[in-house]
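*Asks:* Generate a structure from the sequence data that follows.
(one chain, ligands or ions: 2)
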Amino acid sequence: MKPIYHNIAVNRPLEQLFTYAHDTLLPVGRRVVVPFNNTTQVGIVWQSDVTPEIEVDKILPIQTVFDDEPPLPQQWLDLIEFSARYYHYPLGAAAFVALPTAMRQPEKLSLPKTEEYWTLSDLGRQTTPPRYPKQLVLWNALFSGSLNRQMAKQIHTDANKYLQQWLALGYLKIADKQQPVVLEQKIKLNTEQAMAVETVLQQQDVFAPFLLWGITGSGKTEVYFEMMAEVINNGGQALFLVPEINLTAQLLDRLRRRFPAVETAVLHSGSAKTARSWDYLRAMNGTAKIIVGTRLSIFTPVPRLSLIVVDEEHDNSYKQDNDLRYNARDLAVWRAKYANCPVVLGSATPSLESFQAAQNNRYRLITMKNRANPNARLPEIEIFDVKRQKLNNGLSDKALNLLEENLKNKGLSLVYINRRGFAPALFCGDCGYSFSCPNCSAKMVWHKYQRVLRCHHCDHKIAIPKACPDCGNQDLTAVGYGTQRIEETLKKHFQAAQILRIDSDTIARKDDWSKARQAIENGTADIIIGTQMLAKGHDFGRLNLVIVVNADGSLYSADFRAVEHLFAELMQVAGRAGRAERAGKVFIQTQLPHNPLFSFLKNQDYQAFADNELAQRKQFNAPPTVYAAAIRADAVKIQDALSLLNNALQNFRLPEQVTVYGPAPQLMTRLAGRERVQLFLESPNRQALHTAVTQFSQQLNNSISGDIRVSIDIDPYDC
Ligand SMILES: [Zn+2]
Ligand SMILES: [Zn+2]
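*Replies:* Numbers count the residues shown, from 1 in each chain. Ligands and ions are numbered 1, 2, ... in the order given. Presented below is the predicted three-dimensional model:
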């Protein structure tokens with residue numbers, strides 16, 4: 001028999017495909033195992049029935065074919081090819097970044113069981129429906145569509161019992177095909193919400209990117225749900241992306257309550273290996289109608305993709321900062337274009353990239369300016385100058401008075417500080433010695449209760465020193481404030497109050513968070529101390545006072561995006577206050593009260609902030625007014641990394657319209673024992689930039705040697 005040749009993408013950081021032989025024709029997208037440099041590698045058939053470009057007697061046979069698995073579809077292969085090209089990353093490696101762990105291994109997958117779906121039989125349809133309302137909901141769902149046991153149980157906890165009964169009476173039959181059931185929404189949308197839904201749904205079968213700019217509390221989630229309901233009813237699937245920190249039990253609960261009878265796939269890096277590959281496959285074979293997940297779920301094959309929603313589209317966690325450095329928000333727009341469907345980017349504080357796109361009419365802007373609860377009032381924001389104030393371990397007298405008053409009124413307060421640990425640094429008052437991480441350009445953070453100094457970048461730990469290693473002084477001083485130090489201060493000050501600290505040190509285990517939530521909801525907590533973890537995605541109806549301890553760090557930062565992030569973060573924290581009927585108060589301590597950011601914040605005026613910030617970016621030629629790529633190199637010795645970039649630059653003819661900045665050390669030069677440098681290529685023309693990156697990386701590949709590592713970051717976030 002004549003062998004048939006296939007080009008295979010293997011899980012190696014290599015640009016090219018490799019040719020292998022097999023007796024029969026394999027479909028594109030099939031997972032296989034192939035011999036590779038004396039090892040066995042998992043591979044994906046990328047091209048079938050090819051004419052080999054190497055001598056045929058050198059071509060090895062494919063070892064194993066996983067032919068009981070469904071092949072990855074062409075749309076997925078196209079997505080990977082685009083991502084690899086756009087982010088300048090090897091195709092084979094890109095393909096495997098995009099797969100769940102179980103599929104990255106040269107092993108057979110366990111496949112999800114096919115479940116039986118039930119619907120009413122002809123006899124059932126002619127029978128009088130049950131009288132009890134909850135049974136009736138179940139009955140109606142079986143009347144209008146089909147349910148499996150799991151979904152039936154989500155509608156009615158005793159569903160199993162009724163399914164048995166009705167089956168015995170001949171009222172049910174196995175459904176020939178799965179027909180999702182979308183129950184009616186119980187909440188009525190307000191005019192703005194309804195308009196938003198209608199605007200998007202008018203464009204159901206065409207590529208249409210929308211920016212949904214809705215203030216905190218305007219009810220964006222109900223809008224997403226309503227749009228999802230409609231596309232599912234029309235036989236489509238919806239992809240719903242959320243930031244890492246927002247994929248909470250609370251959100252999944254809401255989703256299940258709204259769509260109890262719709263199969264949902266949940267994809268995030270924390271889900272168990274088998275569960276994740278099953279969810280991936282259920283999305284891929286069309287069974288799951290809703291696919292919800294963090295950034296990596298953007299790579300899920302969705303055959304009937306009819307809507308993409310990117311919630312909190314400005315969030316940093318959509319950007320992956322290692323390996324394939326993709327931005328899930330941007331890939332979402334590409335996928336919507338490919339699938340000819342609408343994509344909705346939602347935020348209260350859109351990224352400047354998206355806001356500019358809306359101003360240039362590349363995206364359609366939908367605004368929601370009112371809170372969904374008409375009685376809820378916007379919080380009052382006070383900017384408080386602490387320059388000449390005596391602080392009580394980080395808190396002004398005024399902040400303490402506000403907390404005391406709120407305690408008396410039985411309100412719930414949040415003290416927000418985006419730094420965990422006790423103090424960001426430990427310092428010798430006599431000689432000025434401070435404790436730095438030996439591996440990173442960073443100070444070690446003092447964790448008082450664990451009695452360690454700890455690096456938040458590489459997790460290096462040392463016991464708390466008893467004296468200064470330089471001069472022997474035993475009186476070391478804590479500099480700055482972290483959550484633990486604020487907790488200590490507040491506990492001393494408000495001895496009767498219930499104080500709850502929420503940061504990644506207290507919320508380490510799975511049920512820690514639900515315990516904390518319960519304390520908040522039951523009213524047992526009076527004051528919460530929290531980091532960014534708490535700023536996002538959680539609703540605490542009672543919360544009516546927010547104290548921001550110190551927001552100034554970002555205003556000194558050399559990172560041009562720091563101010564944009566700070567504004568989004570503070571707007572988000574402020575939005576936590578007064579979601580219910582009691583107006584909230586937000587009190588921000590700063591040493592820089594005249595920074596323009598604070599006046600935009602005080603007026604809760606995103607538009608003015610964005611206009612001002614975009615004008616500055618334009619003036620300094622920074623993204624989004626230009627396109628940028630960062631070329632980074634790291635090595636044990638900084639000189640090695642620098643000369644690699646410098647040499648490549650010397651042999652490189654800079655294309656027209658492209659500007660180069662650097663090379664220079666990164667802001668945080670030393671990380672985990674390596675010195676990091678970078679240069680930026682920028683251009684107002686995207687194509688010119690990509691050509692330059694391709695040519696430059698060829699120069700780099702010609703001269704790279706030793707232990708130097710190189711990476712390319714398109715549309716980078718870090719600097
Ligand atoms: Zn000293
Ligand atoms: Zn470190």
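*Asks:* From here on, just use CA atoms for contacts and neighbour counts.
*Replies:* Will do.
*Asks:* Please name the residues that touch K173.
*Replies:* K173 makes contacts with 118-121, 167, as judged by Cα atoms under 8 Å, 6 or more residues apart in numbering.
*Asks:* I'd guessed R304 sits against I232; true?
*Replies:* No - counting by Cα atoms under 8 Å, R304 does not reach I232; the two are 9.8 Å apart.
*Asks:* who's more crowded, the two?
*Replies:* Using other Cα atoms under 10 Å as the criterion, R304 and I232 rank with I232 on top: 22 against 19.
*Asks:* name the element that one belongs to?
*Replies:* helix 220-233 (DSSP states H and E).
*Asks:* same question, L402
*Replies:* Counting by DSSP H and E, L402 is part of helix 397-408.
*Asks:* That helix: which residues count as buried?
*Replies:* Residues of helix 397-408 classed as buried by neighbour count (16 or more other Cα atoms under 10 Å): 399-400, 402-404, 406-407.
*Asks:* Could you tell me which residues of the chain lie near ligand 1?
*Replies:* Near ligand 1, the residues belonging to the chain are 428, 431, 468, 471 when assessed by Cα under 5 Å from the ion.
*Asks:* mind checking how far the third one is from L566?
*Replies:* It refers to C468. Using Cα to Cα, to the nearest Å, C468 is found at 35 Å from L566.
*Asks:* Between the two, which has more neighbouring residues?
*Replies:* C468 (21 against 17).
*Asks:* so what's that one up against?
*Replies:* 428, 433, 474, 476.
*Asks:* Which member of these is positioned nearest A633?
*Replies:* Taking Cα to Cα as the measure, A633 sits nearest to Y433 out of the contacts of C468, at 30.7 Å.
*Asks:* I'd guessed that closest one sits against A425; true?
*Replies:* No - with contacts counted by Cα under 8 Å, Y433 stays clear of A425, the gap being 10.7 Å.
*Asks:* The two: which is more packed in?
*Replies:* A425 (23 against 15).
*Asks:* what pairs with that one across the strands?
*Replies:* Beta-bridge partners recorded for A425 (DSSP bridges): V479.
*Asks:* okay but it is in contact with H447, surely?
*Replies:* No - contact criterion Cα under 8 Å: A425 and H447 do not qualify, at 9.8 Å.
*Asks:* I'd say E675 and R632 touch.
*Replies:* No - judged on Cα under 8 Å, E675 makes no contact with R632 at a distance of 10.6 Å.
*Asks:* got the contact list for C455?
*Replies:* The contact partners of C455, taken as Cα under 8 Å, 6+ apart, are 437, 442-445, 461.
*Asks:* Where does the stretch 551-700 of the chain get nearest to ligand 1, which residue?
*Replies:* Residue nearest to ligand 1 within the stretch 551-700 of the chain: R670 (23.9 Å; Cα to the ion).
*Asks:* what helix or strand does that residue sit in?
*Replies:* strand 659-671.
*Asks:* Quick one: mean pLDDT over that strand.
*Replies:* The predicted model assigns strand 659-671 a mean pLDDT of 89.
*Asks:* now do stretch 86-94
*Replies:* 95.
*Asks:* residues in contact with that stretch?
*Replies:* Here stretch 86-94 has contacts from 9-17, 80-81, 83-85, 324-326, 690, 694, 712-714, using Cα under 8 Å, 6+ apart.
*Asks:* tell me the pLDDT at the residue of the stretch 101-250 of the chain found nearest ligand 1?
*Replies:* Nearest residue of the stretch 101-250 of the chain to ligand 1: I245, at 40.5 Å (Cα to the ion). pLDDT recorded at I245 is 72.
*Asks:* hang on, it packs against M533?
*Replies:* Yes - I245 is in contact with M533 according to Cα under 8 Å; the separation is 6.8 Å.
*Asks:* Name the helix or strand of the protein that has the lowest mean pLDDT.
*Replies:* helix 532-535 (a mean of 73; mean pLDDT, DSSP states H and E).
*Asks:* That one - contacts with which helices or strands?
*Replies:* helix 562-576 (3 or more Cα pairs under 8 Å, 6 or more residues apart in numbering; DSSP states H and E).
*Asks:* Please list the outside residues in contact with the helix it packs on.
*Replies:* Taking Cα under 8 Å, 6+ apart as the rule, helix 562-576 contacts 216-217, 349, 351, 378-379, 381, 416, 532, 535-536, 538-540, 543, 546, 551, 554-555, 586, 597, 601, 604, 613.
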